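S.K.: sequence unknown, structure follows:
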């Protein structure tokens, strides 16, 4: 058996607001709040469930350099255009990283500037 991802850890200035944003985006719930201000979100099954949890760790200073990891999202209950509008209403912003305009995906950032992509393919929800 190989490993599987249990949680993703994201350093951020405001764990509470970023957790709210990603809970809305992914349909997750807050699983725990920690004394140091960190927040963990995931499916109601929690850690070890069908998807990794996301742990927002408080960082007063941003990490040096650009993050080399980003999340790709797939719509599950609507088409890409409708999901793009929903994400923008939640606070996502469009990002220009040199796209040609011919891509089948959209590059966005969350409220703290972390890049992620919205793909065209639609997946079945778990």
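M.R.: Nice, thanks for sending it over. Predicted model only: the values in this text are computed from it and were never measured. Numbers count the residues shown, from 1 in each chain.
S.K.: what about the helices in this protein?
M.R.: For the chain, the helices defined by DSSP state H occupy 15-26, 80-90.
S.K.: I'd like those helices laid out as CSV, including distance to residue 109.
M.R.: Every C-beta, even on glycine, is put in place using the N, C-alpha and C of the backbone. Output for the helices of the chain, formatted as CSV (distance: least, Cβ to Cβ, whole Å):
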stretch, distance to residue 109
helix 15-26, 11
helix 80-90, 10
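S.K.: determine which stretch of those is the most buried.
M.R.: helix 15-26 (a mean of 19; mean count of other Cβ atoms under 10 Å).
S.K.: contacting residues around residue 80?
M.R.: Shown in contact with residue 80 (Cβ atoms under 8 Å, 6 or more residues apart in numbering): 106, 118, 119, 120, 122.
S.K.: please report the distance of the residue lying closest to the first one once chain neighbours are set aside from residue 81.
M.R.: Looking back up the chat, that one is residue 106. Nearest non-adjacent residue to residue 106, counting by Cβ to Cβ, 6 or more residues apart in numbering: residue 118, 4.5 Å away. Residue 118 sits 10 Å away from residue 81, going by Cβ to Cβ, to the nearest Å.
S.K.: next: residue 50.
M.R.: Taking Cβ to Cβ, one finds residue 50 at 27 Å from residue 81.
S.K.: swap in residue 58?
M.R.: 35 Å.
S.K.: closest to residue 39 out of the contacts of residue 80?
M.R.: The nearest member of the contacts of residue 80 to residue 39, counting by Cβ to Cβ, is residue 118 at 23.3 Å.
S.K.: I'd say that closest one and residue 108 touch.
M.R.: Yes. Counting by Cβ atoms under 8 Å, residue 118 touches residue 108, with 6.2 Å between them.
S.K.: need the residues touching each of the two.
M.R.: Between them, residue 118 and residue 108 share the contacting residues residue 87, judged by Cβ under 8 Å, 6+ apart.
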